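# Prediction below, plus the sequence it came from.
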Amino acid sequence: HKDPHFSDNHGTIVHLFEWKWSDIADECERFLGPMGYGGIQTSPVQENVVIGSRPWWERYQPISYKWVTRSGDAEAFKDMVRRCNKDGVRIYVDAVINHMSTNQKLAVGTGGSTADTSAFQFYAVPYGPGDFNRGCSVTNYKNVSNVRNCELNGLRDLNQGKNYVREKIIDFMNGLIDVGVAGFRIDAAKHMWPNDLEIIYNKLHNLSTKHGFKSGQRPYIYQEVIDNGGEAVSSKEYNRNAAVTEFKHSNKLSNAFQGRDALKWLINWGEGWGFLPSGDALVFVDNHDNQRGHGSGGSILTHKKSKLYKMATAFMLAHPYGVTQVMSSFHFDNSDAGPPADSSGNIISPGINADGTCSNGWVCEHRWRQIYNMVRFRNVVKGTALNDWWDNKSNQIAFCRGGSGFIAVNGDSWDLKQTLQTCLPAGTYCDVISGNLVNGKCSGKSVTVGRDGKAYIEILKSEYDGVLAIHKQPSD
Ligand SMILES: O=C(/C=C/c1ccc(O)c(O)c1)N[C@@H](Cc1ccc(O)cc1)C(=O)NCCCOc1c(-c2ccc(O)c(O)c2)oc2cc(O)cc(O)c2c1=O
Ligand SMILES: [Ca+2]
């Protein structure tokens with residue numbers, strides 16, 4: 001359960017947070033497939049409680065396992081999976097299986113009481129009072145039983161130790177696999193027992209050969225475990241036969257690119273920094289939760305600091321560590337705000353501008369040239385190691401990926417002007433950060449590599465972007 005099963009020349013997952021299924025299907029065909037994105041993480045598909053102000057986190061309060069949300073219904077979901085798979089883009093579903101909603105109308109303190117078992121009735125599944133861990137709240141992250149067997153913020157805590165509960169979860173996930181889904185993000189995995197989760201994973205179907213997968217392929221599973229050290233629960237309890245989100249990657253990269261650690265220290269990035277083994281890690285710069293300040297604390301880099309964000313994202317995508325995920329956000333002022341919606345609460349589709357960027361309140365980081373071109377860079381250098389690291393003992397760094405790609409980053413407050421080893425064959429290359437190859441010419445900077453693989457590299461402090469990246473043609 002550690003292989004994302006990306007199609008050829010496709011890689012990196014984009015989290016199209018709160019996008020509608022029909023808009024995702026369109027995006028697969030018009031952009032993600034052609035640009036070589038490997039997959040999409042969808043918002044949860046389960047029917048969720050409706051909370052007045054429609055906060056983003058209402059989708060993390062399931063009331064049934066029906067595929068009915070503001071993103072669309074089951075038909076729209078199946079159509080999206082079919083159209084994205086057709087264009088080589090996989091679908092990974094954000095599965096919320098630790099808990100059910102607080103059943104707000106019946107929650108304790110609103111006239112209900114802990115004896116009131118109707119707060120534990122979810123008729124559409126069905127789940128009843130015997131299917132939940134009851135009577136305690138998650139209050140002590142130093143105690144594994146409290147973290148896993150109690151209610152997280154009042155959310156009804158399912159007992160995955162019970163066969164009936166496992167069967168309901170397994171049926172829900174197998175239903176998604178059978179329509180062509182390639183895997184799952186396991187939300188709040190820290191709050192469930194690794195052994196219970198493994199029993200569930202091992203009973204999932206193989207990916208569907210009817211939807212283009214080879215026989216015997218297991219779903220890709222990446223488990224959300226927010227572990228920055230210091231808690232009783234560790235991410236290393238979960239990576240035996242499935243992947244885990246490495247939040248240290250998000251925290252430490254945000255620190256480094258905001259000047260808290262010199263970039264020269266990134267020379268041993270990955271396991272050298274105490275992270276999970278590369279093959280077990282799902283990594284990102286920011287995610288839907290910590291871009292709002294929850295979960296990981298500290299100041300996580302987001303699109304709001306766009307120059308530094310693009311530098312950190314370029315570094316992540318150029319580096320061999322982990323399976324990479326790109327966040328695609330909507331604009332928000334209030335950190336609880338939900339997606340752009342009309343007066344009746346229907347989510348508004350992103351508009352696509354002439355220059356390929358999005359409108360209608362959607363940020364579409366995945367459509368920024370500096371990001372989608374680095375997704376292609378990662379695809380071109382796949383399978384190569386990191387070599388020929390250079391730094392100026394401060395915040396200017398550069399490295400090669402085999403003989404296929406080269407990146408340089410200037411995080412210092414002065415210009416980078418160096419002749420560096422690019423490891424590439426002699427020739428002229430377009431810098432994919434400042435432009436594209438348009439009508440046979442570089443619309444941005446170009447770099448001439450000599451027969452010795454060396455080239456003059458310049459990144460002025462005043463430039464719009466602090467990164468330069470060149471690579472061999474994808475076809476090579
Ligand atoms: O901020 C949020 C929601 C955050 C959230 C949602 C989904 C995620 O995948 C996630 O990582 C975080 N929720 C708000 C509002 C809220 C929501 C529900 C509730 O019953 C009470 C309040 C909030 O302030 N939550 C308290 C702080 C964040 O505490 C939550 C965590 C969480 C955060 C950091 C951790 O280290 C950790 O182990 C767990 O995970 C959730 C997972 C869920 O599936 C649903 C949740 O409500 C939550 C969740 O409240
Ligand atoms: Ca639990």
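It's in. Residues are numbered from 1 along each chain as shown. Ligands and ions are numbered 1, 2, ... in the order given.
# Get me the contact residues on this protein for ligand 2.
Contact residues, the chain versus ligand 2 (Cβ under 5 Å from the ion): Asn98, Arg148, Asp157, His191. Bear in mind the C-beta positions are built from the backbone N, C-alpha and C, glycine included.
# what's the neighbour count on the second one?
The number of residues packed around Arg148, counting by other Cβ atoms under 10 Å, is 24.
# Verify the stated contact: it with Asn195.
No - Arg148 lies out of contact with Asn195 (Cβ atoms under 8 Å); the separation is 10.8 Å.
# Please name the nearest non-neighbouring residue to Cys150.
Cys136 (4.0 Å; Cβ to Cβ, 6 or more residues apart in numbering).
# So the residue nearest the centre of the chain: helix, strand or coil?
For the chain, the residue nearest the mean C-alpha position is Gln325 (3.8 Å; Cα atoms, centre = their mean). Following DSSP: H, G, I helix; E, B strand; the rest coil, Gln325 is assigned to strand.
# ok, now which ones touch it?
Thr12, Ile13, Val14, His15, Gln41, Leu282, Val283, Phe284, Asn287 (Cβ atoms under 8 Å, 6 or more residues apart in numbering).
# Please tell me how far Gly435 sits from ligand 2.
Counting by Cβ to the ion, to the nearest Å, the gap between Gly435 and ligand 2 amounts to 49 Å.
# Please apply the same query to Thr12.
Distance from Thr12 to ligand 2, by Cβ to the ion: 31 Å.
# so which strand or helix has that residue?
Following DSSP states H and E, one finds Thr12 within strand 11-16.
# What pairs with that strand, parallel or antiparallel?
strand 37-42 (parallel), strand 323-328 (parallel) (DSSP bridges).
# now these as CSV including mean pLDDT?
Shown next, in CSV, are the strands paired with strand 11-16 (pLDDT from 0 to 100):
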stretch, mean pLDDT
strand 37-42, 98
strand 323-328, 98
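# Would you mind finding the most buried of those?
strand 37-42 (a mean of 27; mean count of other Cβ atoms under 10 Å).
# just checking, next helix/strand downstream of it?
Assigned by DSSP H and E, the successor of strand 37-42 is helix 74-86.
# Show me the shaky parts of the stretch 201-350 of the chain.
By pLDDT under 70, the weakly predicted segments of the stretch 201-350 of the chain are 294-298.
# those helices in it, which residues are they?
All helices of the stretch 201-350 of the chain, identified by DSSP state H, counting those that start in this stretch, fall at 247-257, 306-318.
# can you count the residues close to Gln473?
9.
# got it, and Gly427?
Gly427, neighbours per other Cβ under 10 Å, totals 13.
# Could you measure from it over to ligand 1?
46 Å (Cβ to the nearest ligand atom, to the nearest Å).
# likewise Val233?
From Val233 over to ligand 1 (counting by Cβ to the nearest ligand atom), the distance is 8 Å.
# That residue against Val225, yeah?
Yes - here Val233 reaches Val225: they are 7.1 Å apart, a contact under Cβ under 8 Å.
# Now do the shared contacts for the two.
Lys190.
# List the contacts of the residue nearest to Cys150.
Asn146, Asn149, Cys150, Glu151.
# Counting neighbours, what do you get for Asn163?
Asn163, neighbours per other Cβ under 10 Å, totals 9.
# what's the answer for Ser118, then?
Around Ser118 there are 12 residues (other Cβ under 10 Å).
# Look at it and report its pLDDT.
At Ser118, the pLDDT value in this model is 83.
# and the contacts of Cys136, which are buried?
In the contacts of Cys136, burial by neighbour count holds for Asn146, Asn149, Cys150, Glu151, counting by 16 or more other Cβ atoms under 10 Å.
# so which of the residues you listed comes closest to Gly52?
Of all these, Gly52 sits closest to Glu151, with 21.6 Å by Cβ to Cβ.
# The closest one contacts Val138, doesn't it?
Yes - when contacts are counted by Cβ under 8 Å, Glu151 is listed as touching Val138 (6.6 Å).
# contacts for stretch 376-394?
9-12, 35-36, 262-264, 267, 317-320, 324, 397-405, 407, 411-412, 416, 418, 420-421, 423, 432, 469, 471-474, 476.
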